[in-house]
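> Provided below for reference: sequence and predicted model.
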Amino acid sequence: MAGALKLPSAFAITPHKVSLCILVQIYASPSQVSVPFPFSSVSQHNRLGLYLLALTKSCDDILEPKLDQLISQLREIGGLLDHWLTDHLTSRLSSLSSPDDLFNFFNDMRGILGGPDSGVMEDDQVILDPNSNLGMFLRRCILAFNLLTFEGICHLLTNIGIYCKEAISSCSSYELRRLDDSGNDLESLSEYENMDLNLVFKKINEEMEARKRATEQVSFHLHLPKELSTLVEDIEVFADPKSEHNDKGRESSSYASSGDLLRDFDPNGGVFLRTNWQIQGYLTEQADAIEKHGSSFTLNAFELTLRQLQKLAPELHRVHFLRYLNSLYHDDYFSALENLHRYFDYSAGIEGFDFVPPTGCNSFGRYEIALLCLGMMHFHFGHPKQALEVLTEAVRVSQQHSNDTCLAYTLAAISNLLSEIGFSTTSGILGSPFSPMTSVGTSLSVQQQLFVLLKGSLKRAESLKLKQLVAANHLSMAKFDLTHVQRPLLSFGPKASMKLRTCPISVCKELRLGYHLISEFCCEGSTMTTDGAFSTAWLKNLQKPMGSLVLSQDNSSRNNSNPFLFCTQPSSIPGSVLQLVGSSYLHRATAWEIYGSAPLARVNALVYATCFADASSSSDAALVYVKLVQHLAVFKGYKEAFAALKIAEEKFLCVSKSWILILKLQLLHERALHRGHLKLAQQVCDELGVLASSVTAVDMDLKTEASLRHARTLLAAKQFSQAAAVAHSLFCMCYKFNLQVESASVLLLLAEIHMKSGNAVVGLPYALASLSYCQSFNLDLLRASATLTLAELWLSLGSNHTKTALSLIHGAFPMILGHGGLELSGRAYITEAKCYLSDPNFSVSDNPEVVLDPLRQASDELQALEYHELAAEAFYLMAIVFDKLGQLEKREEAAASFKNHIVALENSQNVEDLLLSV
Amino acid sequence: MSSKESCRNELRTAIRQLSDRCLYSASKWAAEQLVGIEQDPAKFTPSNTRFQRGSSSIRRRFRTNEITSTPPTGVAYVSTPVMEEDEVIHGDFYLLAKSYFDCREYRRAAHVLRDQTGKKSVFLRCYALYLAGEKRKEEEMIELEGPLGKSDTVNRELVSLERELSTLCKNNMIDPFGLYLYGLVLKEKGNENLARKVLVESVNSYPWNWSAWSELQSLCTTVDLLNSLNLSNHWMKEFFLASVYQELRMHNESLVKYENLQGNFTFSNYIQAQIAKARYSLREFEQVEVIFEDLLRNDPYRVEDMDTYSNVLYTKECFSALSYLAHRVIMTDKYRPESCCIIGNYYSLKGQHEKSVMYFRRALKLNKNYLSAWTLMGHEYVEMKNTPAAVDAYRRAVDINPRDYRAWYGLGQAYEMMGMPHYALHYFRKSVFFQPIDSRLWIAMAQCYESEQLHMLEEAIKCYKRAANCNDTEAIALHRLAKLHRELGHPEEAAFYYKKDLERMEAEDREGPNIVEALMFLATHYKAQKRFEEAEVYCTRLLDYTGPERETAKNLLRGMRIAQSSFPSMDVEHFHP
């Protein structure tokens, strides 16, 4: 009913519990010997005891195992005894045929409980202590039975009937299989069983059919385990044409085949996803899986499972949340919105075990969480303005309800939003609720507000001891430090001596602070096992000896989303922590990439790919692959890069295609530019532009990249004025959205455009501006490349500037050779050679190697890159030098190479037409 | 539409046939309509012969008609002697079964008919089984209320019934009543498309079974579905359409249909009640009250639809009338959801919200899909400041019927109360989507936009405009519009709306600060526009009121006179402010 949240229902007696009672009775039958009748050894006895303990512990169920499940588990536990056990169990169950039998049964149960003075029992007698776990369980069962109304007893009786029949129906094949793997000594016994079963089978067969049909439509309460254990695969299972039960007709096929599947699964360690807790655990796990696999997660199959779950447990509102997640990651806006609202309407945000009861007596719901989620949803769908509005409201409501945790998370979300999405201005959006934090007023720029927010959020998270949030905040702080120059927040007053530079040390510091998280979790890892997935790990371990081979084979095909894997590493660090730590490596890789240290960037990417690939979401993993492939392209040329890309494409077949797709386009574009396939380059560039402004949102980074590439294509096509115009407007955009790192490269491009168009003088200031940007953002590699461009500019100003150019190049060489790619070093070598050659004081014949060596290097590197234009230039210079030296043979060789490249460049037109037509 | 007399005869036959098959509510409905037909004055004339002749001719025509289209039932006995024999031999069993059925011993009734093959017997057997299953289902639902609200009780007869009926249907051995039952079973099993088809077939061959029509109606959730039905023309179709239109919130269309029907069925209580409900949805409370009073005078023990009446009494705050109604229904039938709802309404009106919730809960226990009870309970929780409970109750209403704009509105209000206007907007949007003609919803949404947290005044203005366009009885919208425009510095628009508001207040003879405010603004506005004549009119009107405005008006008048009479004197004023 509305309002009051329903308590997990009272202990209700079910057929499964009756079976447990029978087993307990066997376990603790009052006999005079220390090892009661059926058991041959103490260890056997104890094993059953342990098993019963495990079962009783997981009995606050909404779903319970079926009889055949129980029997097959008994088989693992009981060893030689199992036939006796199962026999006894089934015969005892089937002997319960009238309400009076049940009364007598529970009376008997009372007999095996010891008296209250159980301390004085005799040594060799097995009597159940009423205060032990099993004793308590038994007492609860007896009490529950005594509380039943007569109708309730009738229902129990019918349910026991169904419970037995369902097990028997699946017995025939089970018997067969058992005959196969058990020896001859058991034959008589199983034959006896078969006989017995056949009798019963005939009698109830007809009724069974009808019953099956009746229960088929409404998932009976014993059905769920299969759906859960089959997880994603259930769709295929239902549609499986090979299902051996197909002859029973369509009506019962789904029922039968899933039952069949259960038997396949069960020996593999039967997933006990049955208690309320466990269902929640399952849902959490699925939520992680959705997040991890993104759109590759099967929408409809999971939706089906959820629908079934909802039918079985209408008051378990978490299901709506999972639905929301599912539709969120499949970009179904309306369904996501609807389910989000529904979830929070029902649960008021106070459901599930991740809910920590508030310290104060706050009887109101926690709707601020709803706002937080809604804000994130809008963010995901690319509605930054709405997201900001909603999050602003979330801040206000959490302040109002003094929910500091939510506030911290909301602030983190807002800062994330601000940093991810380019806002040119937040005026009018970030209003009053922020004034307590931004006490300086709203005259701050977006960046300054973001900084204040980040600081505030970090402080809050630290004071609330939200470790993960602290780590996440450190990461975003690092990201902020990476790309922003710190400016004083006050626009007046005494100005401290400020270096207008980014601070790599602080970035490093923040990243390291984020990394502390993992050590903290290692120390207290055991306290984190609130996950429902872990709660039954030990139950699975109990059954581990068998079937593990099949299991591991099974697992290799599915990847590690499998809940089974959890049992192998029960003390593992939670996936979310791993993800965070992993992303710190990703951040490191990016930071080094920006700062210009290629080897370090590569090392960090590699660390991520090897250590965190399992925990990472597929899009993050794809990103790392992208980085590695890019690295290959720059340092090893395109052949290897494309080979690697192929591997990556296979790995992320349909998962988050966009990253890989973008990479492919980037590589294609670069190669086309180098080879001189300009039309192709333009086409690829256009495609990239389309990707940047998808339906969901405009990706600023991608957009800048696309227009940067556009300008470069135009430059390669020697349409200087157009290229300059594109670059100029790009610079304006970067300036507007504070994309300063990008501004540096745009400025450099402008310098190059002017240089190529013959206006070296106009190019100079751009190159200098780019240099100063690079300096203040510590973009060392870009700086080296800007220096190189500057040198080229000086060189093109005339031969009297060669000294300047040469010293510039020599200054930049360590960086270029250490970290630069093939193209950059090739260019540097050529420029160096040109400097020498154009120096009037330099004579080739005196010192030919000074020129020839760099030219050889350059030609090698550029050939690897298939950069025809520059390679041709290198060979041309080489030929001239050889000519001067009088080495005619080598001259001819160089000239031939030169010609080859020129021809290739000229032929590019034809090749390109061919390519385009394909 | 056929004449009254033919209607009457059709209904008479139908009632007999329906009650023969124990379809009691359908026969009740038909009987109500039968009595509702205006008595033909000709009937009371002594010339009985003429009436009989006319009647027989109609009957003959009706009979032939029925034979061609539908062979079953009493008429069919005559034409097909084989079948009659069949029924005669086993007629005794049928009588016994029917008696058992009447005593609600469904399984016994079905058992008696186990070997009978006549269509009538087969139908009664299946129907008895169905009801037995339903009865057991209801019982089990209470017995088996599991944890987490799981209730997997089903009518256990459905599967076998479906099998049997589908075979009969395939072999063409089924009469329209069987088809109706088949449709019912299919609907329960969730096979809605086939159910719709089967029900259409049933009503086309036997249109007088109102139960079949209502099942069909519950399957027509959209206009498109309705239009896709292939229904043959019959006057019963009019009843159906009227009812569907009402359910689809096409109240005016529905009203037209009902009023047409009233031509023939002048005294039908049913039609009267439906008209009242339609008018209630159109918020014409005065007329609704009159209709219900009239209805209760004719049919004092009626409980059906009385919850709507109680809603009207609630909105009109008629304490004693509501208590009288509650008393009356509780004497008639205490355990009807409607009765509980009426009592809940009464307690709510008295401000005893806990008790009110208790009665709504009882109503929901009796029928957990009782939409308005969920919504009303939500309102009570809102009054009790238990917003999470209110949200929950509203959400359940919405999940039962997503078109229930009141519950959406309630959800919006609840969230607004919690200070989450932006979140609330989603619900208000839903609410106005389903009921765009209700000014209160638009006003609520506008107030949400206007709230200091959002302060989205442009949007608020748009909402108020919509509200003003749909008959805003409380006249909030115009005033707010004027005020907002003034705040946003649109004097022209502000003046326009103040003027409209003023006209409205004059028309309705309202008094209050709003008038003064409007007059004041208009006076200053026109003065600033140098339209002194108009300004003067407003100023003089202001003089009728006491308070500081009066003095201001005087000053304004003086200023204007001076300005009009001699321009140089303005300089003087300028120097002495």
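Received, thanks.
> nearest to chain A: which residue in the stretch 201-350 of chain B?
In the stretch 201-350 of chain B, no residue comes nearer to chain A than B:Gly344, which is 13.7 Å away by Cβ to the nearest Cβ. In short, each C-beta sits where N, CA and C put it, glycine included.
> any idea where the helices of the stretch 801-918 of chain A begin and end?
Counting by DSSP state H, counting those that start in this stretch, one finds helices in the stretch 801-918 of chain A at the ranges A:802-819, A:822-838, A:848-865, A:868-885, A:888-917.
> and what of the stretch 451-577 of chain B?
B:457-469, B:476-487, B:491-508, B:513-528, B:532-542, B:548-565, B:568-575.
> one step back: once you drop chain neighbours, what's closest to the residue of the stretch 201-350 of chain B closest to chain A?
B:Tyr359 (3.7 Å; Cβ to Cβ, 6 or more residues apart in numbering or on different chains).
> kindly report the same for A:Leu678.
Leaving aside its sequence neighbours, A:Leu678 sits nearest to A:Ala717 (Cβ to Cβ, 6+ apart; 5.0 Å).
> follow-up on the earlier one: save the helices of the stretch 801-918 of chain A as CSV, and put in mean neighbour count too.
Output for the helices of the stretch 801-918 of chain A, formatted as CSV (neighbours: other Cβ atoms under 10 Å in any protein chain shown):
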stretch, mean neighbour count
helix A:802-819, 18
helix A:822-838, 23
helix A:848-865, 20
helix A:868-885, 21
helix A:888-917, 15
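> let me have those in JSON lines, extended by mean pLDDT and distance to A:Val626.
Output for the helices of the stretch 801-918 of chain A, formatted as JSON lines (pLDDT from 0 to 100; distance: least, Cβ to Cβ, whole Å):
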{"stretch": "helix A:802-819", "mean pLDDT": "87", "distance to A:Val626": "19"}
{"stretch": "helix A:822-838", "mean pLDDT": "88", "distance to A:Val626": "19"}
{"stretch": "helix A:848-865", "mean pLDDT": "86", "distance to A:Val626": "19"}
{"stretch": "helix A:868-885", "mean pLDDT": "88", "distance to A:Val626": "26"}
{"stretch": "helix A:888-917", "mean pLDDT": "79", "distance to A:Val626": "24"}
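> residue ranges with poor pLDDT in chain B?
B:1-2, B:40-90, B:144-152, B:472-474, B:566-577 (pLDDT under 70).
> please parse it into its domains.
B:1-36+B:87-142+B:155-228, B:436-499, B:511-565 (the TED database).
> circling back: per-residue confidence at the residue nearest to A:Leu678?
Looking at A:Ala717, its pLDDT is 87.
> indicate which one of the domains of chain B is closest to A:Leu678.
Closest of those to A:Leu678 is domain B:436-499, at 48.9 Å (criterion: Cβ to Cβ).
> show me what secondary structure element comes after whatever helix or strand the residue nearest to B:Gly344 lives in.
Per DSSP states H and E, B:Tyr359 falls inside helix B:353-366. Downstream of helix B:353-366, the next assigned helix or strand under DSSP H and E is helix B:371-383.
> got the CA coordinates for that next one in PDB?
Extracted C-alpha coordinates of helix B:371-383, given in PDB (Å, rounded to 0.1, in the frame of the first residue of the first chain):
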ATOM      1  CA  LEU B 371      -8.500   5.000 -10.000                       C
ATOM      2  CA  SER B 372     -10.100   7.900  -8.300                       C
ATOM      3  CA  ALA B 373      -9.500   6.500  -4.900                       C
ATOM      4  CA  TRP B 374      -5.800   6.400  -5.400                       C
ATOM      5  CA  THR B 375      -5.800  10.000  -6.600                       C
ATOM      6  CA  LEU B 376      -8.100  11.200  -3.800                       C
ATOM      7  CA  MET B 377      -5.900   9.400  -1.300                       C
ATOM      8  CA  GLY B 378      -2.900  11.200  -2.700                       C
ATOM      9  CA  HIS B 379      -4.800  14.500  -2.100                       C
ATOM     10  CA  GLU B 380      -5.300  13.400   1.500                       C
ATOM     11  CA  TYR B 381      -1.700  12.600   2.000                       C
ATOM     12  CA  VAL B 382      -0.800  16.000   0.600                       C
ATOM     13  CA  GLU B 383      -3.100  17.500   3.100                       C
END
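> tell me the buried residues in the helix or strand following it?
In the C-terminal direction, the helix or strand that comes right after helix B:371-383 (DSSP H and E) is helix B:387-400. Of the residues in helix B:387-400, B:Thr387, B:Pro388, B:Ala389, B:Ala390, B:Val391, B:Asp392, B:Ala393, B:Tyr394, B:Arg395, B:Arg396, B:Ala397, B:Val398 count as buried by neighbour count, 16 or more other Cβ atoms under 10 Å in any protein chain shown.
> got CSV for the helices of the stretch 451-577 of chain B, with mean neighbour count and distance to A:Tyr51 too?
Formatted as CSV, these follow (neighbours: other Cβ atoms under 10 Å in any protein chain shown; distance: least, Cβ to Cβ, whole Å):
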stretch, mean neighbour count, distance to A:Tyr51
helix B:457-469, 19, 64
helix B:476-487, 21, 70
helix B:491-508, 17, 79
helix B:513-528, 20, 79
helix B:532-542, 18, 91
helix B:548-565, 15, 88
helix B:568-575, 10, 102
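> state which one residue of the stretch 401-550 of chain B is found closest to chain A.
Nearest residue of the stretch 401-550 of chain B to chain A (Cβ to the nearest Cβ) works out as B:His422 at 4.6 Å.
> tell me how far that residue lies from A:His401.
As for B:His422, its distance to A:His401 is 16 Å (criterion: Cβ to Cβ, to the nearest Å).
> so for those two, which residue has more residues nearby?
B:His422 (26 against 20; other Cβ atoms under 10 Å in any protein chain shown).
> in space, what's closest to the more buried one - neighbours in sequence excluded?
Nearest non-adjacent residue to B:His422 (Cβ to Cβ, 6+ apart): A:Glu393, at 4.6 Å.
> then A:Gln775?
A:Gln775's closest residue in space is A:Arg783 (Cβ to Cβ, 6+ apart), at 6.5 Å.
> try A:Ser94
A:Ser94's closest residue in space is A:Cys164 (Cβ to Cβ, 6+ apart), at 5.5 Å.
> could you say which helix or strand contains the one you found?
With DSSP H and E as the criterion, A:Cys164 is inside helix A:150-169.
> mean confidence score for that helix?
The predicted model assigns helix A:150-169 a mean pLDDT of 80.
> in that helix, what's buried?
Those would be A:152-153, A:155-157, A:159-169, for helix A:150-169 by 16+ other Cβ under 10 Å.
> again, but for stretch B:341-356
Using 16+ other Cβ under 10 Å as the test for burial, stretch B:341-356 gives B:Cys341, B:Ile342, B:Ile343, B:Gly344, B:Asn345, B:Tyr346, B:Tyr347, B:Ser348, B:Leu349, B:His353, B:Lys355, B:Ser356.
> so which of the residues you listed are in helices?
Residues of the buried residues of stretch B:341-356 located in helices (DSSP state H): B:Cys341, B:Ile342, B:Ile343, B:Gly344, B:Asn345, B:Tyr346, B:Tyr347, B:Ser348, B:Leu349, B:His353, B:Lys355, B:Ser356.
> and the furthest pair within the residues you listed?
Counting by Cβ to Cβ, the most remote pair of these is B:Ile342 and B:His353, 15.9 Å apart.
> pLDDT weak spots in the stretch 451-600 of chain A?
In the stretch 451-600 of chain A (pLDDT under 70), the answer is A:486-501, A:515, A:517-575.
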